[in-house]
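[1] 3D, please:
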Amino acid sequence: MLLVSDALFALCALMHGWFLVLEIFLWEKPLGLKTFGQSREQAAATAVLAKNQGLYNGFLAAGIAWGLAEGHSPYGMRIRLFFGACVIVAGIFGAMTTGKRLILVVQALPALLAVAALCLAPRYHAP
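    Residues are numbered from 1 along each chain as shown. The predicted structure is shown next:
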């Protein structure tokens, strides 16, 4: 289960790194417009907010990567649990505030599965 958790957390980190790129660098570009279903005008009006959101996604990616870098130590596991919970909350909040349930599947579900796999791993015992 630890390897499954590692893989799912790595996927979450990569995804949030990609969200950073989309929101900070590609928001007003054709790929960003298509991904978020916005017009050029909408994207221009919300670009500053998107950059801020992208930075937060970068922090989530960095935190998960930090937890992975700490390995399977109790400290590393706690870091993963914390940032995994942050991603789950962000996904739920994002889905609620935008009305887009896809956010639950794309953002919250992988983190939920990663946290669940970590908690079910035989070597991990929650504090």
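
[2] Downstream of the helix or strand of the chain with the lowest mean pLDDT, the next helix or strand is which one?
    Least confident element among the helices and strands of the chain, by mean pLDDT, DSSP states H and E: helix 102-103 (a mean of 94). Scanning forward in sequence from helix 102-103 by DSSP states H and E, the next helix or strand is helix 109-120.

[3] List the buried residues of that next one.
    The neighbour-count check on helix 109-120 (16 or more other C-beta atoms under 10 Å) flags 110-115, 117-118 as buried. Yep, even glycine has a C-beta here, placed from its N, CA and C like the rest.

[4] Tell me where the protein is predicted with low confidence.
    Residues of the chain meeting the criterion pLDDT under 70: 123-127.

[5] those helices in it, which residues are they?
    2-24, 30-36, 40-69, 74-98, 102-103, 109-120 (DSSP state H).

[6] how much space between C119 and Y75?
    16 Å (C-beta to C-beta, to the nearest Å).

[7] Mind listing residues that contact stretch 25-33?
    For stretch 25-33, the external contacting residues (C-beta atoms under 8 Å, 6 or more residues apart in numbering) are 22-23, 35-36, 38-40, 43-44, 46-47, 50-51, 54.

[8] Just the C-alphas of that stretch, formatted as CSV.
    Taking C-alpha atoms only, stretch 25-33 is exported to CSV below (Å, rounded to 0.1, in the frame of the first residue of the first chain):
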residue,chain,number,x,y,z
PHE,A,25,1.7,31.0,-17.4
LEU,A,26,-1.0,29.7,-19.7
TRP,A,27,-4.2,31.3,-18.3
GLU,A,28,-4.6,33.7,-21.2
LYS,A,29,-3.1,31.5,-23.8
PRO,A,30,-5.1,29.2,-26.1
LEU,A,31,-4.5,26.1,-23.9
GLY,A,32,-5.6,27.9,-20.8
LEU,A,33,-8.6,29.4,-22.5
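
[9] Measure how far that stretch is from the centre of its chain, please.
    How far stretch 25-33 lies from its chain's middle: 19 Å, per C-alpha atoms, centre = their mean, to the nearest Å.

[10] Name the residues of that stretch that are buried.
    Neighbour counts over stretch 25-33 (16+ other C-beta under 10 Å) mark 26-27, 32-33 as buried.
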